[in-house]
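In: Sequence and predicted structure below; questions after.
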Amino acid sequence: MSDFEILLKYDGGDAREHTIDAKLYGQSLQGLDRMVSDCLIISSQCRLPKRGERSPLLLKAREGFQSSYGTPQLLQEASQLLGVGVPILSAIGPEIVGYYVQAVLDYFKGDHKSVDLAISKMAEMHQVALSTMSKIHESSINTLNEFDKRRHMEVMGMQDLFRRGILSNGPAAESFVSPIGESVDTSTFYAGKAPASVVKLADAEAIRDSQKVDWQKPRQEVFTTDGFKYHTSGLSIENPEADGFLMAEVKDPIFLDDSNAYTLAAQKRARIEVLARRGYKNGKLARIHILDFVREVSEAA
């Protein structure tokens, strides 16, 4: 089995004394876990991660470095982590993780041009790896057939998967930069031979700003429901500004009651009129708060 060595290193601030704020450090590792996990799932499964899905990363810390706070890690072979019969990440190498993390950080600090280059690079690496693995495993008909299907996937399709994964990683990027400016001055992420990802204070601030929500004034709205989640106070609705669905956050206390107006409407996928406010990130609808229930809208309305 091959191990991938990666390194997350902090410099300046508390790191000069070989320390770091524990809470912020934990948030940073959680952000890194989310980004790396998504990259592994996309690369190995040729699909986006499911809601809440994680690849079971095995990260092993070693001793750090003088005048900094470093966390060398071993990222185990993705085939074992993800249950994939062919270790595609072994063929690609850890570099794809480095390019992915860099692309996420670049996107949310506003450097979109470099993101396009990284996505093209990752899709190319993935395509080459699929071709290599199908040749290595010619003795296994099932494996060959499976990877033939993946190999014939358009490169543009993989680019779209990587792009959609990157765009969903804003909260992860914000968590990753948590210590910067608060406990340390910079962070540097290394993965194989990919260029190192250096985040300075200005970069961290830009990433944090990208996740700030611009809340509009509450107003009465009509939404089409599509399910609910009790424990998260989430109500799935049709996105009023784009295709697909959005999980609205219900702040109305009656949502906690059994058989309330929201859940009854959601079971029928009915339309409801509510008092709500929209939240935008960089001009794009990101969140909806539902504050009060007005009525269920009849089909004839």
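Out: Okay, I see it.

In: Three-state assignment for the closest residue to N239 other than its chain neighbours, please.
Out: With CB to CB, 6 or more residues apart in numbering as the measure, L246 is the residue that lies nearest to N239, at 4.5 Å, once sequence neighbours are left out. C-beta: built from backbone N, CA, C; applies to glycine. When the structure is split into helix, strand and coil by DSSP: H, G, I helix; E, B strand; the rest coil, L246 lands in strand.

In: what does G98 give?
Out: Assigned by three-state DSSP, the conformation of G98 is helix.

In: The closest residue to it other than its chain neighbours: how many residues sit nearby?
Out: What sits nearest to G98 in space, not counting adjacent residues and going by CB to CB, 6+ apart, is A194, at 2.7 Å. Residues contacting A194 under the criterion other CB atoms under 10 Å number 23.

In: quick one: A194 and A118 touch, right?
Out: No. At 9.2 Å, A194 and A118 do not qualify as touching, with contact defined as CB atoms under 8 Å.

In: Spit out the residues that contact those two alike.
Out: Both A194 and A118 are contacted by Y99, Q102, under the criterion CB atoms under 8 Å, 6 or more residues apart in numbering.

In: circling back to that earlier point, contacts only, for the residue nearest to G98.
Out: Contact analysis of A194 by CB under 8 Å, 6+ apart lists P94, E95, I96, V97, G98, Y99, Q102.

In: How about L291?
Out: Applying CB under 8 Å, 6+ apart, the residues contacting L291 are P218, K251, D252, V274, L275, A276, R277.

In: Can you select the buried ones from those in ChimeraX?
Out: Taking 16 or more other CB atoms under 10 Å as the burial criterion, the selection of buried members of the contacts of L291 in ChimeraX is written as:
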select :252,274,275,276,277
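
In: how far does stretch 245-264 stretch from start to finish?
Out: Distance between the two ends of stretch 245-264: 19 Å, counting by CA to CA, to the nearest Å.

In: Give me the domain ranges for this structure.
Out: 3-210, 214-297 (automatic domain parsing).

In: Mind putting those into TSV with mean pLDDT?
Out: Compiled in TSV, the domains of the chain are given as follows (pLDDT from 0 to 100):
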stretch	mean pLDDT
domain 3-210	78
domain 214-297	90
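
In: which of these sits most buried?
Out: The densest packing among those, expressed as mean neighbour count by mean count of other CB atoms under 10 Å, is seen in domain 3-210 with a mean of 18.

In: Tell me where the longest strand sits in this protein.
Out: Of all the segments of type strand in the chain, defined by DSSP state E, the longest one is strand 284-297.

In: Show me the contact partners of the helix or strand encompassing A266.
Out: In the assignment (DSSP states H and E), A266 maps to helix 261-267. Among residues not part of helix 261-267, those counted as contacts by CB under 8 Å, 6+ apart are 225-228, 230, 235-236, 250, 252, 254-255, 271-272, 290, 293, 296.

In: for the residues you listed, which one is nearest K113?
Out: When the contacts of helix 261-267 are compared for distance to K113 (CB to CB), S236 comes out closest, at 35.0 Å.

In: Identify the residue nearest M158 in space, chain neighbours excluded?
Out: A123 (4.2 Å).

In: What of Y25?
Out: Sequence neighbours aside, P179 is the residue nearest to Y25 in space, at 6.0 Å (criterion: CB to CB, 6+ apart).

In: what's the answer for R278, then?
Out: Here the residue nearest R278, using CB to CB, 6+ apart, is Q216, at 4.9 Å.

In: got the contact list for that neighbour?
Out: In this structure, Q216 makes contact with R277, R278, G279, Y280, judged by CB under 8 Å, 6+ apart.

In: any idea how far the closest residue to the last one other than its chain neighbours is from A123?
Out: Taking CB to CB, 6+ apart, and ignoring the residues beside it in sequence, Y280 has D214 as its nearest neighbour in space, at 4.7 Å. Counting by CB to CB, to the nearest Å, the gap between D214 and A123 amounts to 33 Å.

In: For this protein, just list every one of the strands.
Out: Read by DSSP E, the chain holds these strands, from start to end of the chain: 3-11, 69-76, 186-191, 197-199, 214-215, 219-229, 234-238, 245-250, 271-281, 284-297.

In: so which of the ones you listed gets nearest D160?
Out: Proximity to D160, assessed across the strands of the chain by CB to CB, is greatest for strand 284-297 (17.8 Å).

In: What pairs with that closest one, parallel or antiparallel?
Out: Note on strand 284-297: by DSSP bridges, its sheet partners are strand 245-250 (parallel), strand 271-281 (antiparallel).

In: got CSV for the ones you listed, with distance to S55 too?
Out: Rendered in CSV, the data for these read as follows (distance: least, CB to CB, whole Å):
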stretch, distance to S55
strand 245-250, 23
strand 271-281, 26
